[in-house]
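K.L.:
next one to model:
(2 chains)
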Amino acid sequence: MTAWVEVTGLNAPVTVQDGGRPGHMHHGVPPGGAWVPELLAASNRAVGNALYAAALEAHGRLELRAHGRDVRVSVDGAAAQLLADGATLTVPAPTRYAVRYVAVDGALSVPVVLGGRGTLWVARLGGWEGRPLRTGDRLPLGAPGTPQEPSDVDLARLAQALDPAAPLRVLLGPDTARFGDAAVAVLLDSTFTVSPASDRVGQRLDGPPVPHGDEGAGTSRPMVRGALQVTLSGAPILLGPDHPTTGGYPLIAALIRADWGRLGARRPGTPVRFLAVSLEDARDAWRTHPARSVEATSKPSGRY
Amino acid sequence: MTRCLLNIDLGELPGEDEQLYALAHLANIACGGHAGDADSMRRALELCERHGTLAGAHPSYADREGFGRKAQNVSPEVLRAQVAEQCGQLVALARERGVPVRHAKPHGALYHAANASPVLARAVVDGVVEALGTEVTFVGPGTGALREAARAAGLGYAREGFADRGTLPDGSLIPRGQPGAVLTDVARARENTVRLATGGAVDTLCVHGDTPGAVTLAREVRAMLDALERPPEPLGDSALRLTLPEGVDRRQAREALCALPGVQDAVITEAHACVYFDPVTPPEDAGLVLTRLRVTPVSVSERPLIRIRVRYDGEDLPKVAAHAGLSVDEVVRRHTAREYTVRCVGFLPGFAYLGEVDPSIACPRLPTPRTRVPALAVGIAGERTGVYPFASPGGWNLVGTALDFTAFDPTRGAVMQLGDRVRFEREDG
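P.N.:
This next block holds a predicted model:
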């Protein structure tokens, strides 16, 4: 290992994350990926990495020290700053969004597991030893590329995508019939807030209870990131990147792909309103979205 | 898409397979013109009733010798009377059973001759109306004199296509007797079915009851129409949930879906399949892929057999035994007596849903899931059993602990894969 960054301090969960490991859901492995994909992509772009290279997803303050070479660092897509060999950088806890991303040039060269470098805590795999980071962890670095100064346009698009006041767009269904019109009305007409009881498996919402249709068949059904389940108590849960790949609850709606990050970026207590859109609107929103990259849409190569 | 129904010409031949009635939406019953007598009509009506098939009349030129395949030189007035008499005979027998007769379709040569002649078409339609009234649907070719005559008489009209007949480039049928006229190849008939049923130009598809392999063909066509009726359901904009047709090989289904351009992954669950993709490039025909699979089961004996040694020390074992009204030993014996297959993989990395558990020891899941189930716990929920790959929350009844077993390998993925065979072996001490 010729160059690495050392974690010299942290006060909240920090994990290595990347674009996820799509293509392994049939092994029960969730897709993973950054909680706020566009923020990861912007940070990587600013230091010259591939958009979904491995970086740090931090819920709190983080201190890093560079070893072996000077390291360029971008926090949340801001212009890269230089961290000299042996120097320490303190990244403050996120204030604007729920998490923040710290990308380093050359990216974190942790091992690829099942096609991805991200941490999957439920299965103790990927990232750094399959777990959240600790003080003293030394993360190897890859070869650096050429940093790109973020443009005002890029940053404006990013802020717009993550706008904490914008509605979260959903496609209703596929099990809307099992809930009924009253439940859909509660979902679309109410203001919820992001619950502190949220993690990468699922984001819970507080608010008026949504009448649940039935208890679910109990048999497993396919799930997707962003799927909106309703528990028996009426609390909506939006499945996160590390969601169980199958589940028994009926789905009243699912978040559109373009708004995965908009949800993930919301801090506990932030209001959430839902807006039902058409499939066409959803595709249009994704087509030009800052989180979309051609590399992320190609077929995964790590098949077995 | 409006519903496309399968119609089959029935009551024509002795020894006809009853399954055809179960597969047809509409039965066109021969009523004495080209085939059929009072006995065959009674049997056909009884089978329609048993299988919920809609009964209809299938009048023909009076030509039993030629099976109604050759045009006859009869006047319109005679033709009208023949059609009315044949339909009337069926409706009289149907009335005895209380079975409604709500559609009619001319047979063989009459079908084609009447469609080419407005005068004959009108005679056929008038004969049908005389026997059955105007509350019937006429089944006939997509365009031509029959459609015009039926419309003029105020009848409903169902445009018919042929799942088992080859077509020329201009869309017309390849005449019988020429190569490719009758499709006995299932794959081609399936292709034909999809094209016709989704093309918007036909309302009903016909399978001939006398085509070789008619039952197989009818089963395929019906499965396909059923699948088309249950279109894929969007799960957000990056996934489609599909209904898994009964009887398809689950592993093959997954592989077929994964092979589609644009599909990043496919997951099979108990009753569904799901494909995942970039929202901008959804797969084109995921809904049809499953219907193209052979319904015939694949030999499973080639699939790997995984043996798992289990210490039966689960904390819910006494409860499962009490629920079954059996001793703990007997529950263990029945749990180890069977070979299971992996029906789906999901929930957690490497978690395999194994079925079927002996119904006598099946046990509903816990009303409230445990917040922590230890890794390698063996559980039963309903008629499924499985091994928890990791410590996690879980609601299954815990019956034991798997020994020296890894359910998930970080380099290879799930150890138990779709379709694999699994056996549990009791380990004491």
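K.L.:
quick check: longest helix in chain B by residues?
P.N.:
When chain B is parsed with DSSP state H, its longest helix is helix B:76-97.
K.L.:
remind me what the very next helix or strand once past it packs against, helices and strands.
P.N.:
Counting by DSSP states H and E, the next helix or strand C-terminal to helix B:76-97 is strand B:101-104. Judged by 3 or more C-beta pairs under 8 Å, 6 or more residues apart in numbering or on different chains; DSSP states H and E, strand B:101-104 is in contact with strand B:26-30, strand B:54-58, helix B:76-97, helix B:118-132, strand B:137-140. C-beta here means a position set from N, CA and C on the backbone, and glycine is covered the same way.
K.L.:
other SSEs contacting the last one?
P.N.:
Spelled out, that is strand B:137-140. strand B:101-104, helix B:145-152, strand B:156-162.
K.L.:
now do 6 Å
P.N.:
strand B:156-162 (3 or more C-beta pairs under 6 Å, 6 or more residues apart in numbering or on different chains; DSSP states H and E).
K.L.:
what do you get for the longest one?
P.N.:
Contact analysis of helix B:76-97 by 3+ C-beta pairs under 6 Å, 6+ apart lists helix B:38-51, helix B:118-132 as its packing neighbours.
K.L.:
run the last query once more with 7 Å
P.N.:
When contacts are defined as 3 or more C-beta pairs under 7 Å, 6 or more residues apart in numbering or on different chains; DSSP states H and E, helix B:76-97 sits against helix B:38-51, strand B:54-58, strand B:101-104, helix B:118-132.
K.L.:
now it: average pLDDT?
P.N.:
The average pLDDT within helix B:76-97 is 97.
K.L.:
residues in contact with that helix?
P.N.:
B:29, B:31-33, B:38, B:41-42, B:45-46, B:49, B:55, B:57, B:59, B:62, B:101, B:104, B:119-120, B:123-124, B:126-128, B:130-132 (C-beta atoms under 7 Å, 6 or more residues apart in numbering or on different chains).
K.L.:
put the buried members of these into a PyMOL selection.
P.N.:
Restricted to buried positions by 16 or more other C-beta atoms under 10 Å in any protein chain shown, the PyMOL selection for the contacts of helix B:76-97 reads:
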select buried, chain B and resi 29+31+32+33+41+42+45+55+57+59+62+101+104+120+123+124+126+127+128+131+132
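K.L.:
ok, residue B:276 - contacts?
P.N.:
Contacts of residue B:276 by C-beta under 7 Å, 6+ apart are A:22, A:25, A:224, B:238-239, B:264-265.
K.L.:
okay, it: pLDDT?
P.N.:
pLDDT at residue B:276 comes out at 97.
K.L.:
tell me the bridge partners for it.
P.N.:
Beta-bridge pairing for residue B:276 (DSSP bridges): residue B:239, residue B:265.
K.L.:
which element is the nearest residue to residue A:287 once chain neighbours are set aside on?
P.N.:
Nearest residue to residue A:287, sequence neighbours excluded (C-beta to C-beta, 6 or more residues apart in numbering or on different chains): residue B:280, at 5.3 Å. Assigned by DSSP H and E, residue B:280 belongs to no helix or strand.
K.L.:
for residue B:280, phi and psi?
P.N.:
Note on residue B:280: its backbone torsions stand at phi -80, psi -20 [degrees, to the nearest 10].
K.L.:
now swap in residue B:364 and tell me
P.N.:
According to degrees, to the nearest 10, residue B:364 has phi -60, psi 150.
K.L.:
find the nearest non-adjacent residue to it, please.
P.N.:
In space, and not counting its chain neighbours, residue B:364 is closest to residue B:382: 6.3 Å by C-beta to C-beta, 6+ apart.
K.L.:
give the bridge partners for the one you found, please.
P.N.:
Beta-bridge partners, per DSSP bridges, of residue B:382: residue B:363.
K.L.:
surely it meets residue B:362?
P.N.:
Yes - using C-beta atoms under 7 Å, residue B:382 makes contact with residue B:362 at a distance of 5.6 Å.
K.L.:
count the neighbours of the residue lying closest to residue B:270 once chain neighbours are set aside for me.
P.N.:
What sits nearest to residue B:270 in space, not counting adjacent residues and going by C-beta to C-beta, 6+ apart, is residue A:219, at 4.3 Å. Close neighbours of residue A:219, defined as other C-beta atoms under 10 Å in any protein chain shown, add up to 18.
K.L.:
which residues touch residue A:219?
P.N.:
A:248, B:270-271.
K.L.:
one more time with 10 Å
P.N.:
Contacts for residue A:219 (C-beta atoms under 10 Å, 6 or more residues apart in numbering or on different chains) come out as A:246, A:248, B:269-272, B:343-344, B:353, B:381-384.
K.L.:
may I see the PyMOL selection of the buried members of these?
P.N.:
Filtering the contacts of residue A:219 down to the buried ones (16+ other C-beta under 10 Å) takes a single PyMOL command:
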select buried, (chain A and resi 246+248) or (chain B and resi 269+270+272+343+344+353+381+382+383+384)
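K.L.:
now the contacts of residue A:219 in TSV, with distance to residue A:171, secondary structure and pLDDT?
P.N.:
Output for these, formatted as TSV (distance: C-beta to C-beta, whole Å; DSSP: H, G, I helix; E, B strand; the rest coil; pLDDT from 0 to 100):
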residue	distance to residue A:171	secondary structure	pLDDT
A:246	20	strand	94
A:248	21	coil	82
B:269	20	coil	95
B:270	23	coil	91
B:271	21	coil	90
B:272	17	strand	93
B:343	28	strand	94
B:344	24	strand	95
B:353	27	strand	96
B:381	30	strand	93
B:382	31	strand	91
B:383	33	coil	93
B:384	30	strand	95
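K.L.:
residue B:69: which of the contacts of residue A:219 is nearest?
P.N.:
For these, the closest approach to residue B:69 (C-beta to C-beta) belongs to residue B:271, at 44.6 Å.
K.L.:
from what I see, that closest one and residue B:248 are in contact.
P.N.:
No - when contacts are counted by C-beta atoms under 10 Å, residue B:271 is not listed as touching residue B:248 (11.6 Å).
K.L.:
picking that back up, I'd like the helices and strands packed on strand B:101-104 laid out as TSV, including distance to residue A:174.
P.N.:
Rendered in TSV, the data for the helices and strands packed on strand B:101-104 read as follows (distance: least, C-beta to C-beta, whole Å):
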stretch	distance to residue A:174
strand B:26-30	30
strand B:54-58	30
helix B:76-97	41
helix B:118-132	41
strand B:137-140	33
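K.L.:
apart from its neighbours in sequence, what residue is nearest the residue in the stretch 51-200 of chain A positioned nearest to chain B?
P.N.:
Residue of the stretch 51-200 of chain A nearest chain B, by C-beta to the nearest C-beta: residue A:174 (3.6 Å). Excluding its sequence neighbours, the residue lying closest to residue A:174 (C-beta to C-beta, 6+ apart) is residue B:233, at 3.6 Å.
K.L.:
residues near that neighbour, how many?
P.N.:
Residue B:233, neighbours per other C-beta under 10 Å, totals 17.
K.L.:
enumerate every residue touching it.
P.N.:
Applying C-beta under 10 Å, 6+ apart, the residues contacting residue B:233 are A:173-175, A:251, B:239-243, B:272, B:274, B:287.
K.L.:
what residues are shared contacts of residue B:382 and residue B:362?
P.N.:
Joint contacts of residue B:382 and residue B:362 (C-beta under 10 Å, 6+ apart) are B:355-356, B:397.
K.L.:
tell me the one of these nearest chain A?
P.N.:
residue B:355 (10.4 Å).
K.L.:
name the residue of the stretch 1-150 of chain A that lies nearest to chain B.
P.N.:
residue A:27 (3.6 Å).
K.L.:
okay, and the beta partners of the residue nearest to that residue when sequence neighbours are not counted?
P.N.:
Excluding its sequence neighbours, the residue lying closest to residue A:27 (C-beta to C-beta, 6+ apart) is residue B:413, at 3.6 Å. With DSSP bridges as the criterion, residue B:413 is bridged to residue B:409.
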